[in-house]
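J.: A predicted structure for the sequence below; I have some questions about it.
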There are 2 protein chains.
Amino acid sequence: MVGGGQLARMSSQAAIGLGLSLRVLSDRPEDSAALVAARTTTGPVDDLAALRAFAAECDVVTFDHELVPPAHLVALEAEGHVLRPGPRTQRFAQDKAHQRAVLGALGIPVPLNRLVGSVDELAMFGDELGWPVVLKAVTGGYDGRGVWVFDDPRNAAHLFASGREFLVETFLPLDRELAVLVARRPDGESVVYPVVESVQVDGMCREVIYPAPISSEVAEHARGLALNVAAAVDAVGVIACELFLVGEHVLLNEIAVRPHNSGHFTIEGCVTSQFENHIRAVLDWPLGVTTPTAPAAVMVNVVGGSTGADPVANLSAALAVPGAHIHLYGKEARPGRKLGHVTALGDDVTETRARARRAAEILTGEQLPL
Amino acid sequence: MVGGGQLARMSSQAAIGLGLSLRVLSDRPEDSAALVAARTTTGPVDDLAALRAFAAECDVVTFDHELVPPAHLVALEAEGHVLRPGPRTQRFAQDKAHQRAVLGALGIPVPLNRLVGSVDELAMFGDELGWPVVLKAVTGGYDGRGVWVFDDPRNAAHLFASGREFLVETFLPLDRELAVLVARRPDGESVVYPVVESVQVDGMCREVIYPAPISSEVAEHARGLALNVAAAVDAVGVIACELFLVGEHVLLNEIAVRPHNSGHFTIEGCVTSQFENHIRAVLDWPLGVTTPTAPAAVMVNVVGGSTGADPVANLSAALAVPGAHIHLYGKEARPGRKLGHVTALGDDVTETRARARRAAEILTGEQLPL
């Protein structure tokens, strides 16, 4: 796995059960996965020589993120390395304009959007389709970075100063944000996870709630949509579809072609976790059952608070919350950084959510923002 | 954790979730835990200097087995290292005569037993209490090694030739073997796991079945007995009590003062696994809930078959069994060696057991012995 973040850390944990020792290529020895994986190589994940040397030791190369330069992915694949997902699939997550154009043309519902390179083009879009609008960096955004909302095109002038193009989209009156994970093998065999609600604050996922408070019709529609997206991008491994719910309409917001924050609840909350199924999928092994293990599951992210306090100091206190499954990532505490998560399972979603939140609040020593 | 076997491997997996990097002292680099733990020291676990150097890097030292020489444990503790469990507790698992004498005197029901050093003494015990009898090595036996059944004392003559003493016990008409795990903190706070049936073949645990097919009265009695044993030996961490059921009577067979094969089902089958609770207990953190996650859970060991075939070759096929949680230990395949286990959860114990057995049989390529 290229990249040593918490996704690689939790993938490594899942790999142990399958009798594997996941190799990790990590930027720094203090990265989350590098702290726990026995076979870590330290090296820059944007350097072709480092990637090539790492790939030479692997049967299959998979990824903790979508930050490897596309040209490197193409070069590695051309040299015969097995990349799962491959460059064509990763491009859908790396290049939002490509994703919108291709998936929209295939009939996947996406917000109305356009590539714009100037304040005038932005103004034209907003005047035509209404204000405010959402402006997105075509590449590199995550956790709310690279996304802006404007109700006046002049406020975006500084962004266009560099000459870059951005994706502009209509600002939708969202009822909820949803997420659906699919795990998919190279031959297309797929399993789809239950639909969850993703509670976002400032564009960052803070809580994930199963079951999502939606009708079974909407849930089945969302699952079907995610399966269609997985097939359309030729996903191998886990793909996460972040969805907008507007009334009864489901639209695709973002995709990630790797395990995803919206799937951390699956470690305890589904028979087979997203991390195990990612590994099974990229190794072309039969996929595991995705059935929920409890009527309700809630995941709350442990995000570094404003004081920079380390949740490790509060771990013992948080473990006293009954049935709180605490996951800490070993990362240095910094404000706004994802340092861990808590999952609780239960019969009732309100009680379960309260329990997960309580443990997360003890860990950070701060109240959750919502 | 001293010792690099599968218990350390699975403890390491649990430690990752808690934000820890478990240090492992392992005899050989190819040991099960050494293959996956980032911070492994290779060194002989019966060498005091190696133990001392390892302990100096640890806040708390715990153990994958009970094979560290008692004098070394005493020396390390005297030097100020924190051993959990400590030498007095480990002695109960290391010295069966000590265990029988102390626990029997405390009123814990154990089989009638006596230390014997000759064929004549053995004959006296059998003539007095009935044949056959069970002869046990006082130290070092496990998985059926170091245990013999004799119906004629002359057949044991070769064992006494060395001048060693053995424990002789009455041969009980067992209805079942049961097991109960307790996790216990240094201050005595304890949690007890559900009672399971342990299906043994030639003295080796092959299957573990929850719920054990016993009355709730017997189950509660067994759990109370295990809590008493844990307190009597001043356990810290997980302690496993292997029990005999004779009619409605529950007797203590063996104890292990560490995570145990009879508790592997807790990884998926209980809210908090034995491995996580072992770590929480030895670090003096609040213990996790032990409630079962499903009405039925069955664990089947993957034991190396007569051909020496490696179950890794059959992993992909076995993963096709729905809901089979497969754990492989990365160990070299040898006949009779524990190479992994499979756990299945379900609503019905018969169906669940059949599913776990099917996956285990696919892995070994052989039928299970029972």
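T.: Thanks, I have the structure now. Worth saying up front: this structure is predicted, and the values here are computed from it rather than measured.
J.: what about residue A:332, how many neighbours?
T.: 11 (other CB atoms under 10 Å in any protein chain shown). Any C-beta I mention is one placed from the backbone N, CA and C, and that applies to glycine too.
J.: now it. Nearest residue, chain neighbours left out?
T.: residue A:30 (7.2 Å; CB to CB, 6 or more residues apart in numbering or on different chains).
J.: again, but for residue A:243
T.: Nearest non-adjacent residue to residue A:243 (CB to CB, 6+ apart): residue A:178, at 4.3 Å.
J.: likewise residue A:150?
T.: residue A:156 (5.2 Å).
J.: that neighbour contacts residue A:134, doesn't it?
T.: No: the pair residue A:156 and residue A:134 does not pass the contact test of CB atoms under 8 Å, sitting 11.0 Å apart.
J.: between the two, which one's more packed in?
T.: Regarding residue A:156 and residue A:134, a neighbour count based on other CB under 10 Å identifies residue A:156 as having more, with 21 against 18.
J.: give me the three-state assignment for the more buried one.
T.: Three-state assignment for residue A:156 (DSSP: H, G, I helix; E, B strand; the rest coil): helix.
J.: quick one, grab the pLDDT at it.
T.: Reading off the confidence values, residue A:156 has pLDDT 92.
J.: spit out the contact partners of it.
T.: A:119, A:122, A:135, A:148, A:150 (CB atoms under 8 Å, 6 or more residues apart in numbering or on different chains).
J.: double-check that the residue nearest to residue A:332 belongs to a strand.
T.: No: assessed with three-state DSSP, residue A:30 is coil; it does not lie in a strand.
J.: who's the closest spatial neighbour of residue A:215, skipping the chain neighbours?
T.: residue A:248 is the one closest to residue A:215 (CB to CB, 6+ apart), at 8.0 Å.
J.: okay, now that neighbour: neighbour count?
T.: Neighbours of residue A:248 using other CB under 10 Å come to 11.
J.: same deal with residue A:369?
T.: Neighbour tally, residue A:369, other CB under 10 Å: 10.
J.: could you look up the SS state of it?
T.: coil.
J.: thought it was touching residue A:206?
T.: Yes: Residue A:369 is in contact with residue A:206 according to CB under 8 Å; the separation is 6.9 Å.
J.: for residue A:327, the count of nearby residues, please.
T.: Residue A:327, neighbours per other CB under 10 Å, totals 22.
J.: so who does it touch?
T.: So residue A:327 contacts A:10, A:264, A:267, A:340-343, B:17-19 (CB under 8 Å, 6+ apart).
J.: contact residues of the stretch 251-370 of chain A facing chain B?
T.: Counting by CB under 8 Å from any CB of the partner chain, the residues of the stretch 251-370 of chain A close to chain B are A:271, A:280, A:283-286, A:288-289, A:291, A:293-294, A:312, A:315-316, A:319-320, A:322-323, A:325-330, A:340, A:345.
J.: buried ones among those residues?
T.: A:271, A:280, A:283, A:285-286, A:288, A:294, A:312, A:315, A:319, A:322-323, A:325-330, A:340, A:345 (16 or more other CB atoms under 10 Å in any protein chain shown).
J.: where does pLDDT dip in chain A?
T.: Along chain A, segments meeting pLDDT under 70 span A:141-144.
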